[in-house]
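Trainee: Task: produce atomic coordinates for the following.
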Amino acid sequence: MADPVWLGWVLTTAFLAIAGYGVARLVAAARLPAPGYTGCHRAVDTAHTTMALGMAVMCSPVGGPLPAAGWQALFTLVTAWFLGSTLLRGRRAPVSWHGHDWQHAVAGLGMLYMLLAVPHTAHSMSSAWTGPHTGAAALPALGWAFVAFFAVQAVRLGPAVVRGGGTGVLADGRVAATCQLVMALGTGYLIFVML
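Mentor: All right, here's what the predicted structure looks like:
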């Protein structure tokens, strides 16, 4: 990432906080009675936690654990899960974190794009530590489509951030919307700087 080191650390911290929020939601659902919190909600919280951790690694000036190929496998699973859910559930109302299954699938594809569009050596693909995310992306038109998608997502989430509603880690819509807004802006930004 060609940005200042301080910005990399700020983004890393923000993404780690979002991952922590996802873990807190999963723990709260496991410990407290959570009527209406289904397996679909767990899948969304797990996906957001995974994506936030992946973004933290990509933004970090020092990289992070797990080889790049491991991150690619994780985001392939996330994408496949939500594509399958889209096909099985159709266009029903969103389950959680302010989005339909297809939107989560596109976010997973965006993560895969960031990992696949920049060149990697065989060593970096198998190294136990993913290095800082650098390089110019291939297929820039696809990158711009992802930037536009995440910008639209961010604009769409604005009212939910303001409106809020509910209390507690599982019911506070404002916190979930804010986390999703930061994810959309951060992901779009990271793809933008790759182009």
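
Trainee: And the helices in this protein?
Mentor: Using DSSP state H, the helices found in the chain span residues 5-31, 39-59, 68-89, 101-116, 122-126, 140-163, 173-194.

Trainee: Could I get these in TSV, plus columns for mean pLDDT?
Mentor: Below are these laid out as TSV (pLDDT from 0 to 100):
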stretch	mean pLDDT
helix 5-31	92
helix 39-59	89
helix 68-89	88
helix 101-116	89
helix 122-126	67
helix 140-163	92
helix 173-194	90
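
Trainee: export those to TSV and tack on mean neighbour count?
Mentor: For every residue, glycine as well, the C-beta is placed using N, CA and C. Listed next are the helices of the chain as TSV, based on neighbours: other C-beta atoms under 10 Å:
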stretch	mean neighbour count
helix 5-31	17
helix 39-59	21
helix 68-89	17
helix 101-116	22
helix 122-126	12
helix 140-163	16
helix 173-194	20
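
Trainee: Spatially central residue in the chain, please.
Mentor: Among the residues of the chain, the one closest to the centroid is residue 51, at 3.4 Å (C-alpha atoms, centre = their mean).

Trainee: Go ahead and confirm residue 194 touches residue 110.
Mentor: No - no contact is recorded between residue 194 and residue 110 when judged using C-beta atoms under 8 Å, the distance being 11.2 Å.

Trainee: intersection of neighbour lists for the two?
Mentor: Here residue 194 and residue 110 have no joint contacts, going by C-beta atoms under 8 Å, 6 or more residues apart in numbering.

Trainee: While we're on the residue in the chain sticking out farthest from the centre, how confident is the model there?
Mentor: Within the chain, the residue lying farthest from the chain centre (C-alpha atoms, centre = their mean) is residue 33, at 26.8 Å. Note on residue 33: pLDDT of 74.

Trainee: quick one: it and residue 114, what's the gap?
Mentor: Applying C-beta to C-beta, to the nearest Å, the value for residue 33 to residue 114 is 38 Å.

Trainee: Same question for residue 57.
Mentor: Residue 57 is 11 Å from residue 114, by C-beta to C-beta.

Trainee: go on, residue 149?
Mentor: Residue 149 is 13 Å from residue 114, by C-beta to C-beta.

Trainee: Over to residue 122?
Mentor: Distance from residue 122 to residue 114, by C-beta to C-beta: 19 Å.
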